[in-house]
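A.B. asks: just to be clear, the model below is a prediction. Sequence and coordinates:
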Amino acid sequence: MAHDAGAGGGMEIVPHSGDLELELPPLDVLRQDSLYRDATRPAHGGHHGQESWFRTLQLAFQCVGILYADLGTSPLYVYANTFKKGVGHEDDVLGVLSIIIYSFVLFTMIKIVFIALYANDEGDGGTFALYSLISRYAKVCLIPNQQAEDELVSRYKHHTKPSATLRRAQWMKNLLERSKVAKISLFFLTILATALAISDCMLTPPISVLAAVNGLKLRAPHLTTDEMVWITVGILVLLFAVQRFGTDKIGYTFAPVVALWLLFIAGIGIFNLVKYDVGTLKAFNPKYIIDYFRRNKKKGWVSLGEILLCFTGTEALFADLGYFSIRSIQLSFTFGLLPSVLLAYIGQAAYLRKHMGMDISNIFFNSIPSSLFWPTFILALIASVIGSQAMISCAFATMSHLQALNCFPRVKILHTSRRYSGQLYIPEVNIFLCISACVVTISFRTTGFIAKAHEICVVLVMVITTLLMTIVMLLVWKVSIWWIAIFFIVFMSTESIYTAAVLYKFTHGPYLPLAMSAVLMVIMIVWHYVHVKRYKYELQHTVSRDEVKDLLENRGLKRVPGLGLFYTELVQGIPPIFPHLIEKIPTIHSVIVFITVKHLPIPHVDVSDRFLFRQVEPKEFMVFRCVARYGYRDTLEMAHDFVTIVVEYLQYYIRDINLYGIGDEPLRISYHSARVDSSSWDKPTGHGIYAEEMLTPIQSFSELTMHPVGMSNRLAQFQTGKMNLEEILKIEEDQKVIQREVDNGVVYIVGESEVIAKPGSNLLKKIVVNYLYNFLRKNSRNGEKMLSIPRGKLLKVGITYEI
C-alpha cells in the first residue's frame with residue numbers, strides 16, 4: 001500500500017507476501033549503475049545551469065544578434081503606422097510616446113524578461129514549453145502513456161509551501177486532470193498560440209525589411225513600389241539561405257551589427273531630443289496617456305493596434321530562451337536594448353513635435369541628420385534582416401517541440417551546434433517560411449497592411465501566455481494568491497484593451513494570419529487526434545500474457561540467430577502487430593526487444609535515466625520490453641550507437657533482475673511522495689507497482705552494498721541464498737547469449753500501420769482519418785528515417801487499424 005513520506009523522500013520495496021520489508025536509501029543518492037544512477041535528477045542540457053560570468057557575457061552578446069533586432073527595429077514603423085493620417089494635436093505625440101514607454105516596460109521587461117523567463121521548462125521558453133511544464137505537474141496529456149517512473153526524471157528541487165497554496169495547487173491539478181474539457185481547452189489554447197507564433201514568423205521578415213527599404217525613397221524618389229517590393233524579396237531569400245549555417249554562427253555574425261545599430265538609434269535619439277524638444281521627456285508622466293484617450297476617444301483606442309507594434313518580437317524572446325540563459329537575456333535587455341529603443345522613440349517624438357505637418361510615412365529616416373543617412377540606412381537594412389532571425393529561430397524551436405510531443409508530422413531536424421542542443425535548423429520549415437514571407441511581401445506591398453495582419457498574432461499570443469502563466473503560478477510556483485491576482489488583473493486587463501482594439505480593426509481584414517493559423521491548427525489537431533486514437537486502439541488490443549506465452553511456446557515458431565528490435569509506441573504491453581507478424585511469418589529472432597521511443601514533456605533526459613526494462617515471460621525465450629525516454633530537445637542516436645547503448649543497459653538489467661528476484665513472488669514498489677518545484681511540485685502520494693507490471697528492476701547490487709548504515713542486517717537477509725555461484729554463472733550466460741546474438745546481426749522491425757475510420761463512423765471522422773491524416777502521413781518523413789535505421793537491416797510489418 002502506497003503511503004506518504006517526509007520531505008526527504010524514499011523508496012520502500014516489499015515482497016508481495018508481506019514477509020520482508022526493505023527500506024532503501026533516499027533516491028537522490030548517487031547510484032553506481034548507469035541504468036539507475038541518480039534517476040531523480042533532472043538532466044540539464046545546454047547551458048542553463050550555473051554558468052560563469054564570462055560565459056554569461058558571451059551569451060548576452062549573442063542575445064543582441066538573435067533576440068533584439070526585431071524589437072530594436074520597431075522604431076522604423078511604429079510612429080509611421082500610428083500617425084498615418086497625421087498628428088491632430090502636438091500632445092498626441094506625448095500621449096503615444098507615454099503609451100509606448102509604459103507598454104514596453106510592462107509587457108516586455110516586467111512580464112517576459114523578469115517574470116515569464118522563470119517559467120521556463122528547464123531552460124526552454126515559449127507557449128509550448130509552458131504547456132509541457134504544466135503537463136509535468138498535472139496529467140493533462142491526451143496520450144495515456146504516462147508512467148510513474150517518468151516523475152523520477154522530471155524532479156525539481158523541493159520547497160516547502162504554506163498549506164493554502166498547496167490546496168490551491170491541488171484544486172487546479174484536480175480540475176485539469178478530471179475535466180476532459182479543461183484538458184482539451186488547454187491543448188487548444190497551446191496549439192492556437194503556437195500556430196499564431198509560426199504565422200507571425202512569416203509576417204515579421206516582410207514588415208521589418210520593407211520598412212527599412214522604404215527609406216530609399218528619400219534618396220531615390222524614382223524607385224517605384226514594385227521595385228522596392230522585389231528588393232525586399234531578394235533580401236528575404238538571402239536571409240533564409242544562410243539559416244543552414246546555424247544560430248551559433250549567425251549570432252556571432254549579427255551581434256556586432258545589431259549592437260552598432262542600437263548605439264546609432266540611441267545616439268540619434270539623444271541628438272533629436274536635445275536639438276528639438278527636451279520637453280518630450282514629459283511623456284514619462286502617465287497623465288498624457290489619459291489626456292490622449294480623452295482627446296481622441298475611439299480613434300485613440302483604435303490606435304493601440306499600431307502602438308503594440310513597439311513590442312513585437314517579445315514572445316520570440318521568450319520562446320528563444322532555449323538558445324541562451326535567463327541571466328544573459330536580463331543583462332543584455334536591461335543595459336542594452338531598453339535604453340536604446342526608448343531613446344529612439346523619444347528622439348523621434350521630439351522631432352515629430354516640431355514637424356507635425358510633414359509626411360509621416362518615413363518619419364524615422366526624416367529624423368536622421370542628413371550626413372548620417374547612408375550609414376543609418378545600411379545599418380537599418382541589415383538590422384531589419386537580422387530582426388527576422390528571432391522569429392525564424394522561434395519557428396525552428398517551436399516545430400521541434402510540436403514534433404517531439406506528437407503534434408505535427410515528422411520533419412527533418414538538424415542540430416547546428418555540438419555544444420548546445422537548442423540550436424536547430426529545419427529545412428522544410430525554412431523553405432515554407434521563405435516562400436510565405438515572399439508571398440506576403442508581394443501581396444501586401446506596404447508595411448501598413450502587413451502591420452494589421454501582424455497585430456492579431458502578437459496580441460492573441462500575449463493573452464494566451466498570460467493565461468498559461470497564471471496556471472503555472474497556481475500549479476507549479478504555488479505563490480501567494482495575491483501575487484497571482486495582481487499578475488492576472490494587471491496583464492489581462494491591459495491586454496484585453498489591446499485585443500479589443502485589434503479585433504475591432506480586424507473585422508476589415510486582412511485575414512491571412514488567422515487563415516494560416518487555422519491551417520496549421522487543423523494539421524496539429526488531425527495529427528494528434530489520430531495519434532491518440534491509434535495509441536488507445538493498440539492499448540486496448542495489447543496481447544495478454546497467456547497469448548504471448550502460447551505464441552512463444554508454439555512448436556511451429558522458429559528461432560533464427562540475431563537480435564530483433566521491434567519498434568512500437570506502446571509503453572506497456574505487447575502490441576497487436578506482434579502476433580500479426582508471427583501469423584504471417586512464424587519466425588522470430590533468438591533475442592527480441594520491444595523498443596518504445598518516448599518523448600517526455602521535458603527538454604532533456606540524461607542517458608543514465610533513459611532506459612526502462614522488463615522481461616517478458618517465459619524468461620527462457622529472451623524477450624524484453626524497453627522504453628527509451630528522450631526530452632523534446634534531445635537528439636536520437638544513430639541506429640548503431642543506439643543498439644550499443646541498449647545492449648549495455650540490457651546487460652545491467654539482466655544482472656540486477658537475477659540478483660533481486662525473490663523466487664516467483666512479485667515485488668511491490670512504493671514511491672514515497674516527493675514534492676518538487678521550480679518552485680514546487682506535488683507528486684502523487686504513492687504508486688503501487690508490481691514487479692511483473694513495472695519496467696525497471698529495483699536498485700543495483702552495487703548501490704545496496706554501498707550503504708551499510710542501518711541496512712547491513714536487512715541486506716544480509718535479502719541476499720541469503722542469492723549470491724551463489726550458480727546464479728552468477730546464469731547471469732554471465734544470459735549476458736553472453738545476448739552479446740552473441742548481437743554479433744550474429746541486428747534487425748530493426750518497424751510497424752507500418754495504416755489507420756482508417758471504422759465502419760459506421762460519421763463523415764467528418766472519415767474525412768479526418770482516411771484523407772487528411774493519411775495525406776499528412778504519406779507526405780512526412782518515415783519513422784525509419786527519423787530513427788536513422790539502415791535500409792539493409794529494416795523489416796517493415798504492415799497492418800491496418802480501424803479506429
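C.D. replies: Perfect, thanks for sending it.
A.B. asks: okay, strands next: where are they in the stretch 651-800 of the chain?
C.D. replies: For the stretch 651-800 of the chain, the strands defined by DSSP state E, counting those that start in this stretch occupy 667-671, 688-690, 746-756, 794-802.
A.B. asks: just name the most buried of these.
C.D. replies: The highest average neighbour count among the strands of the stretch 651-800 of the chain, using mean count of other CB atoms under 10 Å, belongs to strand 667-671 at a mean of 21. Backbone N, C-alpha and C define where each C-beta goes, glycine included.
A.B. asks: check this structure for its longest helix and report it.
C.D. replies: helix 373-404 (DSSP state H).
A.B. asks: by mean pLDDT, which helix or strand of this structure comes out lowest?
C.D. replies: Within the chain, judged by mean pLDDT, DSSP states H and E, the helix or strand with the poorest mean is strand 667-671; its value is a mean of 31.
A.B. asks: returning to that earlier point: so which of the strands of the stretch 651-800 of the chain comes closest to R410?
C.D. replies: With CB to CB as the measure, strand 746-756 is the member of the strands of the stretch 651-800 of the chain nearest R410 (13.1 Å).
A.B. asks: which secondary structure elements does the closest one contact?
C.D. replies: Using 3 or more CB pairs under 8 Å, 6 or more residues apart in numbering; DSSP states H and E, the elements in contact with strand 746-756 are helix 512-540, strand 558-567, helix 577-584, helix 783-786, strand 794-802.
A.B. asks: try 6 Å this time
C.D. replies: strand 558-567, strand 794-802 (3 or more CB pairs under 6 Å, 6 or more residues apart in numbering; DSSP states H and E).
A.B. asks: still on that earlier bit, could you check the angle the longest helix of the chain makes with helix 512-540?
C.D. replies: 20 degrees (axes from the mean of the first three to the mean of the last three CA atoms, to 10 degrees).
A.B. asks: okay, buried residues for helix 373-404 please.
C.D. replies: By neighbour count on 16 or more other CB atoms under 10 Å, the buried set for helix 373-404 is 376-377, 379-404.
A.B. asks: still on that earlier bit, figure out which of the strands of the stretch 651-800 of the chain is closest to S544.
C.D. replies: S544 lies closest to strand 688-690 among the strands of the stretch 651-800 of the chain, at 15.9 Å (CB to CB).
A.B. asks: format the helices and strands packed on strand 746-756 as TSV; extra columns: mean pLDDT.
C.D. replies: Listed next are these as TSV, based on pLDDT from 0 to 100:
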stretch	mean pLDDT
strand 558-567	90
strand 794-802	85
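A.B. asks: ranges for the strands of the stretch 401-550 of the chain?
C.D. replies: Using DSSP E, counting those that start in this stretch, the strands of the stretch 401-550 of the chain run over 414-415, 424-425.
A.B. asks: so can I have a markdown table of these showing mean pLDDT?
C.D. replies: Formatted as a markdown table, those follow (pLDDT from 0 to 100):
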| stretch | mean pLDDT |
| --- | --- |
| strand 414-415 | 72 |
| strand 424-425 | 77 |
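A.B. asks: comparing the ones you listed, which comes out most buried?
C.D. replies: For those, the largest average neighbour count (mean count of other CB under 10 Å) is found in strand 424-425, namely a mean of 22.
A.B. asks: name every strand pairing with that strand and say which way it goes.
C.D. replies: strand 414-415 (antiparallel) (DSSP bridges).
A.B. asks: tell me the mean pLDDT over the longest helix of the chain?
C.D. replies: What helix 373-404 shows for mean pLDDT is 81.
A.B. asks: ok, which stretches of the stretch 201-350 of the chain are helices?
C.D. replies: 204-213, 225-241, 247-276, 287-296, 298-302, 304-307, 314-319, 326-332, 338-354 (DSSP state H, counting those that start in this stretch).
A.B. asks: report the mean confidence score over the second one.
C.D. replies: Model confidence over helix 225-241 averages 88 on the pLDDT scale.
A.B. asks: between that helix and helix 373-404, how many degrees?
C.D. replies: Using the same axes, to 10 degrees: helix 225-241 against helix 373-404 is 50 degrees.
A.B. asks: helix 225-241 - contacts with which helices or strands?
C.D. replies: Helix 225-241 sits against helix 204-213, helix 373-404, helix 427-444, with contacts defined as 3+ CB pairs under 6 Å, 6+ apart.
A.B. asks: would you list those helices in JSON lines and tack on distance to D743?
C.D. replies: As requested, those are exported to JSON lines (distance: least, CB to CB, whole Å):
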{"stretch": "helix 204-213", "distance to D743": "53"}
{"stretch": "helix 373-404", "distance to D743": "33"}
{"stretch": "helix 427-444", "distance to D743": "37"}
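A.B. asks: among these, which comes closest to I489?
C.D. replies: Nearest to I489 among the helices and strands packed on helix 225-241 is helix 373-404; the distance by CB to CB comes to 28.3 Å.
A.B. asks: the closest one - contacts with which helices or strands?
C.D. replies: Packing contacts for helix 373-404, counted by 3+ CB pairs under 6 Å, 6+ apart, involve helix 68-72, helix 180-201, helix 204-213, helix 225-241, helix 247-276, helix 314-319.
A.B. asks: would you turn these into JSON lines with mean neighbour count and distance to V755?
C.D. replies: Formatted as JSON lines, the helices and strands packed on helix 373-404 follow (neighbours: other CB atoms under 10 Å; distance: least, CB to CB, whole Å):
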{"stretch": "helix 68-72", "mean neighbour count": "27", "distance to V755": "41"}
{"stretch": "helix 180-201", "mean neighbour count": "21", "distance to V755": "20"}
{"stretch": "helix 204-213", "mean neighbour count": "29", "distance to V755": "37"}
{"stretch": "helix 225-241", "mean neighbour count": "17", "distance to V755": "34"}
{"stretch": "helix 247-276", "mean neighbour count": "20", "distance to V755": "36"}
{"stretch": "helix 314-319", "mean neighbour count": "28", "distance to V755": "32"}
